[in-house]
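**Student:** Here's a sequence, model it:
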Amino acid sequence: MDKLRLYLDLIRWNRPAGWLLLLWPTLSALWMASDGFPGWHLLAVYIVGTVLMRSAGCCVNDVADREFDKHVKRTANRPVTSGKVSVKEALLLGAMLAFAAFLLVLTTNAPTILLSFAALLVALLYPFAKRYVSMPQAVLGVAFSFGIPMAFSAALGAGEWSVAAIGAAVPPEAWALLVANIFWVLAYDTEYAMVDADDDIRIGIKTSALTLGSFVVPAVMAFYAIYLGLWAWLGLRFGLGRVFLLGIAAAAAQVVWHFSLIQHRTREGCFKAFRLNHWLGFAVFAGTALDLGLR
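**Tutor:** All right, here's what the predicted structure looks like:
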């Protein structure tokens with residue numbers, strides 16, 4: 001039982017905010033692609049698959065960051081960093097979770113399966129990006145947004161194993177949704193990076209919070225504005241209407257609240273803003289699903 005508790009801690013089982021941040025934009029895209037409720041099969045695949053892949057990502061990330069995490073108060077007691085779970089155990093658990101997610105993808109179609117390999121590659125690259133990229137949150141943004149084109153391919157894809165089949169299943173607007181969602185990830189993960197800014201300076205990790213420096217708060221607000229503006233415009237292009245825009249407005253109201261939390265750049269305020277970001281994503285999803293459901 002002690003080992004099980006360590007494994008659950010490793011995959012952040014008691015902190016669902018991470019997989020909710022992945023889930024809401026993916027479900028929003030799934031509803032748009034399906035023009036309403038996508039069916040129980042795809043809904044189950046994407047909910048369970050999101051939880052599995054986020055959990056697998058935590059395993060890989062903690063292995064990659066185990067030496068850095070020793071020097072950060074908030075992460076020093078993570079199972080791999082503290083030595084309570086070995087590197088081999090963490091990687092094996094991550095591989096098992098990713099394989100389980102892949103088995104779910106196999107129940108969809110060929111274009112979605114092909115896209116899953118690209119999604120896995122980006123997810124594996126992210127933990128190492130902070131060593132070389134000034135704003136590694138952008139890489140995380142791609143990883144956390146890849147469920148969007150995969151949702152479209154699952155809903156609209158045919159059975160052909162080709163790049164052309166992916167192009168036919170995933171319209172340009174879906175890729176634009178991915179780009180828009182990257183800005184949301186930049187916003188909330190920069191808030192997260194602001195929590196550990198002092199520690200990151202000391203140990204030499206690159207983050208958007210450090211790169212943006214004194215402009216970090218207005219930059220986060222700009223990221224939110226770009227995300228919501230693009231998502232609203234694209235939603236209208238998909239035929240969504242007033243109820244969807246109410247969801248966008250509810251999300252925008254939360255952005256104003258987030259400004260009050262992060263404006264003084266305190267650890268507590270920034271962490272609270274990050275931790276509650278999934279409600280912003282839920283507002284957008286709720287507006288999408290209700291708009292389509294009330295037609």
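
**Student:** Quick check: which ranges of this structure have low pLDDT?
**Tutor:** For the chain, applying pLDDT under 70 flags the ranges 1.

**Student:** Can you tell me which residue is spatially central in it?
**Tutor:** F144 (3.1 Å; Cα atoms, centre = their mean).

**Student:** so where does that one fall, helix or strand?
**Tutor:** Using DSSP states H and E, F144 sits in helix 137-145.

**Student:** OK, contacts around the closest residue to the residue nearest to the centre of the chain other than its chain neighbours?
**Tutor:** Leaving aside its sequence neighbours, F144 sits nearest to V185 (Cβ to Cβ, 6 or more residues apart in numbering; 5.0 Å). Yep, even glycine has a C-beta here, placed from its N, CA and C like the rest. Neighbour list for V185: 21, 137-138, 140-141, 144-145 [criterion: Cβ atoms under 8 Å, 6 or more residues apart in numbering].

**Student:** In those, find the pair that's most separated.
**Tutor:** Largest separation among those by Cβ to Cβ: L21 and A138, giving 15.4 Å.

**Student:** of the two, who's got more company?
**Tutor:** Just comparing L21 and A138: by other Cβ atoms under 10 Å the higher neighbour count belongs to L21, 21 against 17.

**Student:** wait, isn't the more buried one in contact with W279?
**Tutor:** No. With contact defined as Cβ atoms under 8 Å, L21 does not count as touching W279 (10.4 Å).

**Student:** Hmm, L22 and the residue nearest to the centre of the chain touching each other?
**Tutor:** Yes. F144 lies in contact with L22 (Cβ under 8 Å); the separation is 5.5 Å.

**Student:** Quick one: the strands in this structure, in order.
**Tutor:** Counting by DSSP state E, the chain has no strands to list.

**Student:** Would you map the helices across the stretch 101-250 of the chain?
**Tutor:** 110-129, 137-145, 147-156, 163-169, 172-195, 197-203, 208-212, 216-237, 242-262 (DSSP state H, counting those that start in this stretch).
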